[in-house]
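Visitor: pasting the sequence and the predicted coordinates here, then a few questions.
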Amino acid sequence: MKPLSSNDIEAELSYAYLHAVAARAGVGCKVGSRHDDNAGIDAELTGWGSFPGGGYLEEVDLKIQLKATVKSPATGGEHWSYSLQGIQRYDDLRSETLGTPRILVVLFLPDDPDLWLHHAEDALTLRRCAYWVSLCGAEPSSNQTAQTVYLPRTQRFDPEGLQALMARLSRNELPRYREQVA
């Protein structure tokens with residue numbers, strides 16, 4: 001049997017991160033099927049209300065496109081930059097005609113694989129963290145293969161941030177890209 005490649009390990013760590021954050025936030029997490037993956041959906045989250053500061057919806061679904069990278073992001077002040085490969089994925093994420101909102105979640109890992117994960121009797125530590133962005137309403141790309149997107153540094157993908165996002169979605173407030181990166 002062939003060992004996992006570095007890219008495969010990065011992807012698996014991003015799933016572990018997603019599951020850990022969702023579990024701590026009290027949100028259900030399902031890994032997408034092969035068909036979902038072909039549509040750019042790696043996982044689906046379901047939150048049940050009532051949500052703190054939430055609205056009228058008591059069940060909220062959110063589709064996730066997961067990415068992991070060891071490339072240090074360039075910072076534009078309040079944002080991390082990320083080169084999203086695949087214009088079709090970018091177009092799927094920016095679509096305004098979807099019934100279920102989608103976000104991009106990017107896990108930034110250290111460049112040294114020996115630093116990715118540390119375990120001891122009292123802790124299991126995954127180094128660095130993930131950030132999220134909704135690309136809904138983003139401008140079309142003029143590129144053919146990749147599009148640079150910006151993830152607000154304030155939108156760390158953590159349990160509190162996920163609960164706040166679910167509360168917004170329960171009020172039917174879908175974050176738009178221009179609002180997040182203005």
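Guide: Great, that's in hand.
Visitor: with adjacent residues omitted, what lies nearest to C129?
Guide: R156 (5.8 Å; C-beta to C-beta, 6 or more residues apart in numbering). Every C-beta, even on glycine, is put in place using the N, C-alpha and C of the backbone.
Visitor: from F108, how far out is that neighbour?
Guide: 11 Å (C-beta to C-beta, to the nearest Å).
Visitor: beta-bridge partners for the spatially most central residue of the chain, please?
Guide: Central residue of the chain (C-alpha atoms, centre = their mean): V105, 1.6 Å from the mean position. Per DSSP bridges, the residues bridged to V105 are L66, W132.
Visitor: quick one, what contacts it?
Guide: 14, 18, 64-67, 130-132, 157 (C-beta atoms under 8 Å, 6 or more residues apart in numbering).
Visitor: which secondary structure elements does the longest helix belonging to the chain sit against?
Guide: The longest helix of the chain (DSSP state H) is helix 6-25. If you count contacts as 3 or more C-beta pairs under 8 Å, 6 or more residues apart in numbering; DSSP states H and E, helix 6-25 packs onto strand 28-31, strand 43-48, strand 59-69, strand 102-108, strand 123-126, strand 130-133, helix 159-170.
Visitor: would you turn these into TSV with distance to L93?
Guide: As requested, these are exported to TSV (distance: least, C-beta to C-beta, whole Å):
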stretch	distance to L93
strand 28-31	18
strand 43-48	14
strand 59-69	6
strand 102-108	5
strand 123-126	24
strand 130-133	9
helix 159-170	15
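Visitor: higher neighbour count, R156 and F108?
Guide: Set R156 next to F108 and count neighbours by other C-beta atoms under 10 Å: F108 wins out with 20 against 15.
Visitor: measure the more buried one to L126 for me?
Guide: 11 Å.
Visitor: still on that earlier bit, quick check: neighbours shared by R156 and F108?
Guide: Counting by C-beta under 8 Å, 6+ apart, the residues touching both R156 and F108 are 129-131.
Visitor: quick one on the thing from earlier: just the contacts of V105 now: which is nearest D91?
Guide: D91 lies nearest to Q65 out of these, by C-beta to C-beta, at 11.8 Å.
Visitor: any low-confidence regions in this protein?
Guide: Low-confidence regions of the chain, defined by pLDDT under 70, span residues 34-38.
Visitor: let's go with 50 and repeat that
Guide: Along the chain, segments meeting pLDDT under 50 are nowhere present.
Visitor: most tightly packed of the helices and strands packed on helix 6-25?
Guide: strand 130-133 (a mean of 24; mean count of other C-beta atoms under 10 Å).
Visitor: need the contacts of V105 in CSV with distance to W48, can you?
Guide: Below are the contacts of V105 laid out as CSV (distance: C-beta to C-beta, whole Å):
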residue, distance to W48
S14, 24
L18, 18
I64, 17
Q65, 23
L66, 22
K67, 27
A130, 23
Y131, 25
W132, 20
F157, 19
